[in-house]
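In: need coordinates for the following:
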Amino acid sequence: MRLFTRTALAGIVAAMALMPVSASAEGDAKAGKKVFNKCKACHSIANDKHRVGPSLKGIIGRQAGTADGYTRYSKGMIAYGEGGIIWSEETLVEYLADPRGLVKGTRMAFAGLKKEKDRKNVAAYIISEQ
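Out: I've put the predicted structure just below:
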């Protein structure tokens, strides 16, 4: 018994080719490493040592506003995390667009990355270093 005719199968394959690709497929970790230079004055990624900002090592899957040993989170970032935000590629890309606009009262002085491509690349780099 055949489930699909050749024509139907060809239509399904064509439709799948037009589906949007996830941000992880679009992000370029190598390019993101270069953009991350804007972040590394305040954030480490290669280890769990905190700087002015928390280490980003292990951030994916972690509740926002929580990093073992980091005690300088703003009330805004703590509340953001308590609101159920778990860091993922999507939440990083959103946050990096406008940190102060998204998290009211955050201490992070960084204005954000205006180019979506840069945000996706940085997220891909951070994920690659987890």
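
In: quick one: least confident helix or strand in this protein?
Out: The helix or strand of the chain with the lowest confidence, counting by mean pLDDT, DSSP states H and E, is helix 6-17 at a mean of 45.

In: helix/strand/coil for the most centrally placed residue in the chain?
Out: To find the centre residue of the chain, average its C-alpha atoms and take the closest one (Cα atoms, centre = their mean): that gives Leu92, at 2.7 Å. State at Leu92, reduced to three classes by DSSP: H, G, I helix; E, B strand; the rest coil: helix.

In: element containing the nearest residue to it once chain neighbours are set aside, please.
Out: Counting by Cβ to Cβ, 6 or more residues apart in numbering, the nearest residue to Leu92 once its immediate chain neighbours are dropped is Ala123, at 4.4 Å. (C-beta placed from N, C-alpha, C; glycine too.) Following DSSP states H and E, one finds Ala123 within helix 116-128.

In: next, Gln63: phi, psi?
Out: With angles defined as degrees, to the nearest 10, Gln63 shows backbone torsions of phi -70, psi 140.

In: that one touches Ser88, doesn't it?
Out: No: assessed by Cβ atoms under 8 Å, Gln63 is found out of contact with Ser88, at 11.3 Å.

In: coming back round to it: let me see the contact set for the residue nearest to the centre of the chain.
Out: Contacts were defined as Cβ atoms under 8 Å, 6 or more residues apart in numbering; by that measure Leu92 touches 59, 119, 122-123, 126.

In: quick one: pLDDT of Ser55?
Out: Reported pLDDT at Ser55 in the predicted model: 97.

In: who touches the helix holding Ala123?
Out: Contacts for helix 116-128 (Cβ under 8 Å, 6+ apart): 23-24, 26-33, 35-36, 39, 45, 56, 59-60, 89, 92-93, 96-97, 113.
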